[in-house]
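1. Need coordinates for the below:
(one chain, ligands or ions: 1)
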Amino acid sequence: MVLDDLGTSLRSSLDKLQGKSRLSESDVEEIVKEIQRSLLSADVDVSLVMELSDSIKSRALEEEPPGGTTAKDHVLKIVYEEMVELVGDSTELPLENQTILLAGLQGSGKTTSAAKMAWWFSKKGLRPAVIQTDTFRPGAYDQAKQMCERAEVEFYGDPDSDDPVEIAREGLAATEDADVHIVDTAGRHALEDDLIAEIEEIESAVDPDRSLLVLDAAIGQGAKDQARQFESSIGIEGVMITKLDGTAKGGGALTAVNETDSSIAFLGTGETVQDIERFEPSGFISRLLG
Ligand code: GDP
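-> Model prediction:
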């Protein structure tokens, strides 16, 4: 881990270890406090922060640093390993034929993310198609169509239909030559029963290979309920965190990852179709600690 990527206070606590070959309990306490401060202000759930703190403390004090390792390098390695454990690896996304179903509340960035993912798969040499089943939000059809035009990917939707399940079925048939089908769904402002019932029906109609939950980076602890509901209705294999170009650090999404026993697949970093990154632990860790 590059030290420059860490927050100033954590870096200065680590700098105090310069020249030391052993860590004292108070050294470890100070470092763990700085980490806790950063993670809590990045919206990481308190119980996850506490679990991480305990593991770092016990490992830093109990594990013998390998010969020649300074106290600072020893603790840094432990912090990094425990942080990787916390954020997890990125969701596996084989570059092959597949159907991806997107779930999430209205405004989370689903429609934008559908086009972004399609763009991402097209850059990997696959032929994606976006199917827009959101008949609830006015403008969703036009928005998705325009974004797919910008991404230069196939699009299917039916502005005259109010039956998302039928659109999903017809969309799969109409785009059967595509390799990757990305099915966008309607959101609501809250987790209403009709939203869950609708996405369950779409899920059984399209039989996705994976369902991804789209979460706004600013979600905070609201992620827990959403994650639980979507997990129990359709099963969540991965998360896309959007709007990471803003000030929110996206730590709340880790609650969803934890709740669904899944992982992070993509990060959204802007409003255009190219503003998508595959999740990669070290950059995200630096961001959370920074
Ligand atoms: P949906 O209701 O879940 O389909 O959400 P939309 O895709 O319509 O996105 C809601 C708003 O968030 C739109 O104004 C998008 O341009 C914006 N948005 C989505 N993803 C990002 C992102 O990664 N960064 C920024 N800055 N805005 C985003």
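2. residue contacts, Ala118?
-> Neighbouring residues of Ala118 by Cβ atoms under 8 Å, 6 or more residues apart in numbering: Pro128, Ala129, Val130, Cys148, Ala151, Val153, Glu154, Val180, Ile182. C-beta coordinates here come from the backbone N, C-alpha and C atoms, glycine included.
3. Going along the chain, name the strands of the chain.
-> 98-103, 128-132, 154-156, 180-184, 210-216, 238-242, 264-268, 276-278 (DSSP state E).
4. Of the contacts of Ala118, which is the most crowded?
-> Val130 (31 neighbours; other Cβ atoms under 10 Å).
5. Can you read off the pLDDT for that residue?
-> Looking at Val130, its pLDDT stands at 98.
6. Who does it form a beta bridge with?
-> Phe155, Ile182 (DSSP bridges).
7. Was I right to think it contacts Arg150?
-> No. Contact criterion Cβ atoms under 8 Å: Val130 and Arg150 do not qualify, at 11.6 Å.
8. Which neighbours do these two have in common?
-> Joint contacts of Val130 and Arg150 (Cβ under 8 Å, 6+ apart) are Ala115.
9. Look up phi and psi at Thr69.
-> With angles defined as degrees, to the nearest 10, Thr69 sits at phi -90, psi 130.
10. Make 725 the first number, not 1, from now on.
-> Sounds good: first residue 725 from here, last item Thr793.
11. quick one on the thing from earlier: so which of the strands of the chain is nearest Gly975?
-> Gly975 lies closest to strand 962-966 among these, at 9.6 Å (Cβ to Cβ).
12. What pairs with that closest one, parallel or antiparallel?
-> Sheet pairing for strand 962-966, using DSSP bridges, gives strand 934-940 (parallel), strand 988-992 (parallel).
13. and among these, the most buried is which?
-> strand 934-940 (a mean of 26; mean count of other Cβ atoms under 10 Å).
14. now that one against strand 822-827, angle please.
-> Computed by axes from the mean of the first three to the mean of the last three Cα atoms, to 10 degrees, the angle separating strand 934-940 from strand 822-827 equals 40 degrees.
15. Identify all contacting residues around strand 934-940.
-> Residues from elsewhere that reach strand 934-940 (Cβ under 8 Å, 6+ apart): 815, 817, 822, 824-828, 831-834, 837, 927, 947, 950-951, 954, 958-967, 972, 974, 976-977, 980, 984, 986, 989-990.
16. Please state the offset of that strand from the chain centre?
-> Distance of strand 934-940 from the chain centroid (Cα atoms, centre = their mean, to the nearest Å) equals 7 Å.
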